[in-house]
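J.: next input, structure requested:
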Amino acid sequence: MTDNNQIRQQQILRELATLRDKNLAFFAEEYPSLYQVLAPMALTNLRLNVLPDSDEMELYENERPIYDGKAKQVAKAEVDEFCRIFKEGELINSVPTYDASCFNINRFFFEKAHKVVQFDEFERAYYKGYRLGSFYPLVIFTGIGLGYHIDEFIRHNQVNHVIVADYNIEKLLASLFCVDWEAMSDGFVASEGKSFNFVLTMGKGPSFHRALWNKMLELIPVFPAATLFFNHMGDEFNREVIDTINGDIVQVPSGWGNYDDEVNQINNAIHNLYQGIGGLPLFTEAIRGNVVVVGSGPSLNNNIKHIKTIREHVTLISCGTALRVLYTHGIKPDIHVEIESDAVTEKAVSYIGDLEWVKSIAMVGLLQVNPLVYKLFDDKRFVLKYPSSSGTLFKDVAPRMEYSTPTVVNGGFAVAAYYHPKAIFLFGTDFGFKAGENHHADGTLYDLTEIDDELKEGVNYDNKGRWFTTGVDGSEVRTEPTMYSAKRRVEMLIGDSDYNDIKFYNCSHGAVIDGAEWLQSPEQYIDLIINDEAASSINLKDILFDPDKAIQVADSDVRIALDSCAKYLAQLAEELLDEVLPTVNTLEEVNRFVSRIYYHMIHAERYIPQSSKLLIEGSIKHFIYALYCYCHLSEPSAKYDAYYITWKQSFVSFLEEIEQHFRSIVFKEFDIDNDPWLLKAIFDAEND
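T.: Here you go, the predicted model:
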């Protein structure tokens, strides 16, 4: 090496060290938690190599070069290709938006939301994707590398939201020598509708997927409508994560809930508390028995006789319509679980006919379950759905179940997992069905011809969207939105590190359940259960339904909680009203506006209790999603301000009237025999 080259290389090394120190100072100020990790770190599996002759850098991972000596060239080429594909006017194909049939019910929120979707542009039949404007709403960079591609992209493009994600935090450390993170993130102010975030883990695994997903959920409605992934160097693991997210993304709007549903659940919860129903005991120590959770998937038909064989060795939990199947085969569960607030559930349970048998079973339900369902059972306890308004309004009076929806199987599975049994065996949890076969087991409501129209509508799958997922035997099985969402929630619980001490077994013959070992033959699970004498002697029911452990809530405490909730609800509504703009004229203004609204919504929990925030959070999401999608569906020449005026009228009236409506529901006379709300399905009109 010549003297000049040595001098040049030493100069470059000093510049890199200076840049690293500048970046560390920036992270110490703006991202202190990241700084605490980065400051003591040293490169262990990575090595940087300066190439002064070509003004390039190389990054070695486990002594293997990543860029072939062309890190900056690779970055520029990737950015050029990305911008070529996703250019102004191109359509992003993500989640179809609402149509004019949505929210078409005479209820408080639904009436107001329906007014904002009565436009031709909302017709799903014409949905082709969301139009990109002159800026990028959200770009997620999976893979940091040396950061050159991120720097190149941001310097040459306008982008509102950035997420930088990597499963190897050491890559961020290496990038500190190469790019100026302070300069890149300059101008990204979350409260003004722009954000710059990091998602970093110490390795591959479900924690990376979960952390990225949770960060994306902070950016509604840009996510899920206009999310773009920039997968650096085509990383295979990141591609799998992206594919999973893209598969799940269609479920996001359906999981938001709405005020009408939340206040109906609170109405039910108040009745149940006034009736003196107690909560299940909070977790103190693991109950190491074996638990069988029974859903009503079609494979239950072939397993029902084997459940009889293991019956006395397990805690048997039935979920929803599985109760009728067990009844027809002479099997009595230890615990029955229900989660639905809808009045139709009472009819579904009553169709068993033998109400004395039903009465003798111990029941666990979410606090929001219709009181007429609880009335069918003598011994009953509640748990709390989390997150939900009712589940946080009366917190600490029962276990909070984070994974208890969207189906009753999720509820039963969450109850079982909460107490950390030795193993959970899943039966009839198919989450799919083979073409030409029934989607539920024989003996459920789904194959009865004599049920009334209200129940038929609730169990009709003919008009629901379907797609395929992988079956346990490698074949394709049909699924549909609710089934698939339920499967993913089960997988999320299994992947949660809080439940690492539980063994999960899939004894069904439907869709693959990631994280649950498939036991193909009955002999496998029969041997595991019957030969485990220690676990066979433990039954959850004996512990959970100890009358001395039931948690009660005083009526006066209920009323105090409701009054506080109403006051904070009014405060939050007023603050959101202050964010409303007189008008919007450009796509950029729309993007910044909806991002500000949602930023204020999610950060209100710093001073607004969750019970008040969750009452309206789902409805706020639906409102801003409708506005966002309309503007991105429209032609560039559309008059955004004209639509915004219509949208604003409904949004403002919702916020102005909500406290009065809430108080009219929760401070009435509560009589279980004379409350018309208890007889209504969730999609019935409020006042007919």
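
J.: spatially nearest residue to residue 471 (excluding sequence neighbours)?
T.: For residue 471, the nearest residue in space outside its immediate sequence neighbours is residue 477; the separation is 4.2 Å by Cβ to Cβ, 6 or more residues apart in numbering. Quick note: C-beta positions are derived from backbone N, CA and C, even for glycine.

J.: helices or strands up against the one helix or strand the one you found maps to?
T.: Secondary structure from DSSP states H and E places residue 477 in strand 476-479. Under the contact criterion of 3 or more Cβ pairs under 8 Å, 6 or more residues apart in numbering; DSSP states H and E, the helices and strands touching strand 476-479 comprise strand 467-470.

J.: other residues contacting the strand it packs on?
T.: With contact meaning Cβ atoms under 8 Å, 6 or more residues apart in numbering, strand 467-470 is reached by 431, 432, 476, 477, 478, 479, 480, 484, 487, 511, 512.

J.: wait, residue 137 touches residue 163, no?
T.: No - if you go by Cβ atoms under 8 Å, residue 137 and residue 163 don't touch, sitting 12.0 Å apart.

J.: what about these two, which has more around it?
T.: Set residue 137 next to residue 163 and count neighbours by other Cβ atoms under 10 Å: residue 137 wins out with 27 against 22.

J.: wasn't the more buried one part of a helix?
T.: No - counting by DSSP: H, G, I helix; E, B strand; the rest coil, residue 137 is not part of a helix but strand.

J.: distance of it from residue 250?
T.: Relative to residue 250, residue 137 is positioned 18 Å away (Cβ to Cβ, to the nearest Å).

J.: check residue 680 too.
T.: Using Cβ to Cβ, we find residue 680 at a distance of 29 Å from residue 250.

J.: do residue 165 as well
T.: Noted for residue 165: a distance of 21 Å to residue 250, by Cβ to Cβ.

J.: more crowded one of these two?
T.: Between residue 165 and residue 250, counted using other Cβ under 10 Å, residue 165 has the larger neighbour count: 24 against 17.

J.: quick one: contacts of the helix or strand that contains the more buried one?
T.: When elements are defined using DSSP H and E, residue 165 is found to belong to strand 159-166. For strand 159-166, the external contacting residues (Cβ under 8 Å, 6+ apart) are 135-144, 150, 153-154, 172, 185, 188, 193-201, 208, 212, 215-216, 219, 222, 238, 591-592, 595.

J.: can I get the CA coordinates of it in CSV?
T.: Taking Å, rounded to 0.1, in the frame of the first residue of the first chain, the C-alpha atoms of strand 159-166 are listed here in CSV:
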residue,chain,number,x,y,z
VAL,A,159,-41.9,9.4,2.3
ASN,A,160,-44.2,10.0,5.3
HIS,A,161,-43.6,6.9,7.4
VAL,A,162,-40.5,4.8,7.7
ILE,A,163,-39.9,1.6,9.6
VAL,A,164,-36.4,0.2,9.6
ALA,A,165,-36.5,-3.5,10.6
ASP,A,166,-33.8,-6.1,11.1
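
J.: pull up the pairing partners for that strand, direction included.
T.: Under the criterion DSSP bridges, strand 159-166 sits next to strand 136-142 (parallel), strand 195-200 (parallel) in its sheet.

J.: of those, which is nearest residue 231?
T.: Proximity to residue 231, assessed across those by Cβ to Cβ, is greatest for strand 136-142 (4.9 Å).

J.: which helix or strand lies directly C-terminal to that closest one?
T.: The element immediately downstream of strand 136-142 (helix or strand, assigned by DSSP H and E) is helix 148-156.
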